[in-house]
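>>> any chance you could fold what I've pasted below:
(one chain, ligands or ions: 1)
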Amino acid sequence: MIRFEHVTKRYADGTTAVDGLSFEVAEGELVTLVGPSGCGKTTTMKMVNRLIEPTEGRISVDGDDISAIDPVRLRRRIGYVIQQVGLFPHRTILENTATVPHLLGWKRGKGRERAAELLDLVGLDPSVYGDRYPEQLSGGQRQRVGVARALAADPPVLLMDEPFGAVDPVVRERLQNEFLKLQERVRKTVLFVTHDIEEAVRLGDRIAVYGQGTIEQFDSPATVLGSPATPYVADFVGADRGLKRLSVTPIEEGDLDQPPVVHLDDPLARATERLRAEGARWAVVLDGRDNLHGWIPADATAAGAGAGDTVRAHARRMEAWLPVGAPLKQAFATMLQHDAGWIAVIDEESTGRFLGVLTPARLHEALRRSIDADAQDVPRAEVAVETVESVAKTAAR
Ligand SMILES: Nc1ncnc2c1ncn2[C@@H]1O[C@H](COP(=O)(O)OP(=O)(O)OP(=O)(O)O)[C@@H](O)[C@H]1O
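Residues are numbered from 1 along each chain as shown. So this is what the prediction gives:
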């Protein structure tokens, strides 16, 4: 879909920012360009929408040589999201989002309708945020508007230059998760620039690791982490690649344990009796729709329970939970944050249906699974084997 053939960019002062670059991004693929500051990532990206012209070589989008396409027309086929978002301060969020449809000459109503749809898609209720101005939004919300605006005219290609670089790490991780879900639905061909290897491995179907103006390795995240092509890549990927593997390995349903489950309206005496009979120290508490409510200890009856009590009166809320598919790293961080021996895993934040619990032992197994799967592609000796204990030590340092 996007193809670079022997592309070089030399600036007027003689700086060679990009040197003989050749690579391809397939349709619907998300490729992250990662590397240290000044290695040529932004130059690469800006050549795709002709904000910068190459000195040599050829770039094509969907088979068309872009040097033959009028830059303004070209940019309308390509969504562009940057760190500074660049929203118009005196236009509402809805108007900002409808910028490209407006430029394309869509009827006002149709453009606004599309903008509202897109705001919804990035998790901003248009009836709440549509009439606000950019300064009335948080940094993370403004980034979402940037993504919505870039998608408004449904371009096949999306260029994203450090789009989540300016927000704090927690918001950043949330935006990354949301963007991955969105990408599953819209399947754009994406070039994504970042200097953060962790972001690169989390988001990319493939990663291009840049040296100085050249690509040192272009491969799947697992291969880049498990089998760096050069000492430079190994150094850039870093010694803590076991931790990064935690970032790219999702929690799967098969990783979960099934502890005893009770419901809010169950009689307390019966529930605790059952736990005692099963030798369990606690049970997960669900509401009437099988959504996670919390947990209850086996000795709840000892804590001054009345005869007619239900589980509801003694259940404790559960803060340590995650949706399935979240990275193991987040599970590990959640366990540490809540000082929890296990965390609950639910279907999706929106439905809340309880699926099971993840324990440290199961987390360890999941990590092994990821390493073993990877070892099929790369020599075993190359794979860093991390245990939960060693990861915990690294994290504690
Ligand atoms: N207009 C310009 N004139 C001269 N040199 C430039 C120009 N723009 C960029 N460069 C140089 O080209 C090289 C690549 O810059 P580029 O912005 O592509 O890097 P980058 O990898 O995106 O860096 P960062 O992560 O800091 O944004 C750098 O050495 C930079 O100083």
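>>> ok, and what's touching the longest helix anywhere in the chain?
The helix of greatest length in the chain, counted in residues with DSSP state H as the criterion, is given as helix 169-186. The contact list for helix 169-186 (Cβ atoms under 8 Å, 6 or more residues apart in numbering) reads 30, 121-123, 138-140, 143-144, 147, 151, 163-164, 167, 190, 199, 202-203, 326, 330. In short, each C-beta sits where N, CA and C put it, glycine included.
>>> any chance you could list what contacts the helix or strand following that helix?
Using DSSP states H and E, the helix or strand that follows helix 169-186 in sequence is strand 189-194. Strand 189-194 is contacted by residues 1-2, 25-34, 41-42, 44-45, 48, 156-163, 165, 183, 200, 203-204 when judged by Cβ under 8 Å, 6+ apart.
>>> which PyMOL command selects the buried ones in these?
Selecting only the buried entries of these in PyMOL, with 16 or more other Cβ atoms under 10 Å as the criterion:
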select buried, resi 1+2+25+29+30+31+32+33+34+41+42+44+45+48+156+157+158+159+160+161+162+163+165+183+200+203+204
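>>> among the contacts of strand 189-194, which are located in helices?
Short answer: the contacts of strand 189-194 in helices (DSSP H) are K41, T42, T44, M45, V48, Q183, A200, L203.
>>> now the two most distant members of those residues.
T42 and Q183 (21.2 Å; Cβ to Cβ).
>>> how about the residues of this protein near the ligand?
Contacts of the chain with the ligand, taken as Cβ under 6 Å from any ligand atom, map to 11, 13, 15, 17, 35, 37-43, 195.
>>> between which two of the residues you listed is the distance greatest?
Pairwise distances across these (Cβ to Cβ) peak at 22.9 Å, for the pair D13 and H195.
>>> who's more crowded, the two?
Neighbours around D13 and H195, counted as other Cβ atoms under 10 Å, are more numerous at H195. The numbers are 17 against 5.
>>> send the alpha carbons of stretch 39-55 over as CSV?
Once non-C-alpha atoms are left out, stretch 39-55 reads as follows in CSV (Å, rounded to 0.1, in the frame of the first residue of the first chain):
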residue,chain,number,x,y,z
CYS,A,39,17.3,9.4,13.0
GLY,A,40,15.0,10.4,10.2
LYS,A,41,11.6,9.1,11.3
THR,A,42,9.6,12.4,10.8
THR,A,43,11.4,13.0,7.5
THR,A,44,10.3,9.6,6.3
MET,A,45,6.7,10.2,7.3
LYS,A,46,6.5,13.7,5.8
MET,A,47,7.7,12.4,2.5
VAL,A,48,4.5,10.3,2.2
ASN,A,49,2.2,13.3,2.2
ARG,A,50,4.7,15.4,0.3
LEU,A,51,5.3,17.9,3.1
ILE,A,52,8.9,17.0,2.3
GLU,A,53,10.1,16.0,-1.2
PRO,A,54,12.7,13.2,-1.5
THR,A,55,16.0,13.9,-3.2
